[in-house]
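**Student:** sharing a model that was predicted from the sequence below.
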Amino acid sequence: MDLTNHTTVSEFVIAGFPSLQKNRIPVFVLVLTIYLLTVTGNMIIVFITRYEISLRTPMYFFLGNFSLLEICFTSVTVPTILVDLIRENNIVSFTNCLVQIYFFHALGGIECLLLAAMAYDRYVAIRSPLRYNIIMSSVVYGQLAAWSWATGLVLPLIPVILISQLNYCGTNVVDHFFCDILPLLRLVCNRTQLNEMLSFFICTFILVGSFTLTVVSYAAILITVMSIRSTDGRKKAFSTFASHLTVVCIFYGTMMFIYVRPTRNLSFNMDQIVAVFYCLVTPLLNPIIYSLRNKEVKEALKKVFCRKRVELK
């Protein structure tokens, strides 16, 4: 597809964070540190769930997929932030901008669907522990993961293709720290109602649909947790449940604030602040809350490290 035939703009300038330019070095170090910690933490989860036999269960299969997804998701946006902090003009080509939009929304959609699948897995484990292995067979959880990835990868194609056909004129400055649909539509010369409504519908379908399934699953889990007679058992279960729910609320809350609203009149400065949470904060919290605080994961890590030490000797 020859994109240059449909636009008078061949490249975009990412506005980034102009107010942080005076402190760009410490901010760069902070963002880079968060990014490296996020990638390292999630890589540990991917490795340990793949190679430790004791963790080859549906729950850790989903966690391994989720951690791999987080590595890819953060790598779509964070490098752009880092480049913006060390260069005054962060210029991206029209094609690269569209590629970033596609992968950002595709990976974000997959994350929503995987969160719903993970919540359903925990619901089955707590509500039907005796039938858990039958309900969540390798075929079932494999299909859930495959459908999550396939659906997330397919749905953003149509909005991105339509955006590529629009005419861009005037300023080429994207008022964001990465290429996204709504900031890009602000630069379009012609009418964009169809693109906005389509993007709104797809985001609503994925976000609200997966959020509803997740909330229903967690509500059922909460009812089960509250019925536990042991105070210590209920406190322990509720602690894990609350931490998981916190990550889910942060992720869905920030996403819905930006994408599930039928208006473009709100401040994009606020969008940038909110976007930082789901691009930097939640990917850092996920491996800590979902896996590294887990006793089974800790034990598996000890086994792997001990095994490696023995092999080295």
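**Tutor:** That came through fine.
**Student:** okay, buried residues for whichever helix or strand S217 is part of please.
**Tutor:** If you go by DSSP states H and E, S217 is part of helix 193-226. Residues of helix 193-226 classed as buried by neighbour count (16 or more other CB atoms under 10 Å): 195-196, 198-200, 202-203, 206-207, 210-211, 213-215, 217-218, 220-222, 225. The C-beta positions use only the backbone N, C-alpha and C, and glycine is treated the same way.
**Student:** stretch 95-115 too?
**Tutor:** 97-98, 100-115.
**Student:** out of the residues you listed, which are inside helices?
**Tutor:** 97-98, 100-115 (DSSP state H).
**Student:** by contact count, what packs against the helix or strand hosting L82?
**Tutor:** Element membership of L82, judged by DSSP H and E, is helix 58-86. Helices and strands touching helix 58-86, by 3 or more CB pairs under 8 Å, 6 or more residues apart in numbering; DSSP states H and E, are helix 24-51, strand 90-93, helix 94-127, helix 138-154, helix 282-286.
**Student:** residues contacting the residue nearest to L157 when sequence neighbours are not counted?
**Tutor:** Distances taken as CB to CB, 6 or more residues apart in numbering place Y102 nearest to L157, at 7.3 Å, with adjacent residues excluded. Residues in contact with Y102 (CB atoms under 8 Å, 6 or more residues apart in numbering) are 156-157, 160.
**Student:** separation between Y102 and L155?
**Tutor:** From Y102 over to L155 the distance is 10 Å, taken as CB to CB, to the nearest Å.
**Student:** what's the answer for V31, then?
**Tutor:** 29 Å.
**Student:** quick check, P156 in contact with Q100.
**Tutor:** No: with contact defined as CB atoms under 8 Å, P156 and Q100 do not form a contacting pair (11.4 Å).
**Student:** tell me, how many residues neighbour the spatially closest residue to Y60 that is not a sequence neighbour?
**Tutor:** Leaving aside its chain neighbours, Y60 sits nearest to T49 (4.4 Å; criterion: CB to CB, 6+ apart). Using other CB atoms under 10 Å, T49 is surrounded by 24 other residues.
**Student:** just confirm T49 contacts F66, I think it does.
**Tutor:** No: using CB under 8 Å, T49 is not in contact with F66; the gap is 9.7 Å.
**Student:** quick check: neighbours shared by the two?
**Tutor:** Common neighbours of T49 and F66 (CB under 8 Å, 6+ apart) do not exist.
**Student:** can you list the low-confidence ranges for the stretch 51-200 of the chain?
**Tutor:** 170, 190-196 (pLDDT under 70).
**Student:** next, the contact list for the closest residue to M136 other than its chain neighbours, please.
**Tutor:** Nearest non-adjacent residue to M136, counting by CB to CB, 6+ apart: P58, 4.5 Å away. P58 is in contact with 121, 136, 141, counting by CB under 8 Å, 6+ apart.
**Student:** swap in Y51?
**Tutor:** Contacts of Y51 (CB under 8 Å, 6+ apart): V304.
**Student:** quick one: it and P58, what's the gap?
**Tutor:** 17 Å.
**Student:** quick one: the host helix or strand of K298 to helix 24-51, angle?
**Tutor:** Taking DSSP H and E as the definition, K298 sits inside helix 295-312. Angle between the axes of helix 295-312 and helix 24-51 is 80 degrees (criterion: axes from the mean of the first three to the mean of the last three CA atoms, to 10 degrees).
**Student:** the chain should start at 6 in everything you say after this.
**Tutor:** That works, and once the first residue is 6, the last one we named lands at helix 300-317.
**Student:** report the buried residues of helix 300-317.
**Tutor:** For helix 300-317, by 16+ other CB under 10 Å, it's 302, 305-306.
**Student:** possible to save those residues as TSV with distance to S235 and pLDDT?
**Tutor:** Listed next are those as TSV, based on distance: CB to CB, whole Å; pLDDT from 0 to 100:
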residue	distance to S235	pLDDT
V302	24	78
A305	26	78
L306	28	77
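**Student:** which of those residues sits closest to I278?
**Tutor:** V302 (32.2 Å; CB to CB).
**Student:** neighbour count added to the contacts of P63, as CSV?
**Tutor:** Below are the contacts of P63 laid out as CSV (neighbours: other CB atoms under 10 Å):
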residue, neighbour count
D126, 23
M141, 21
Y146, 22
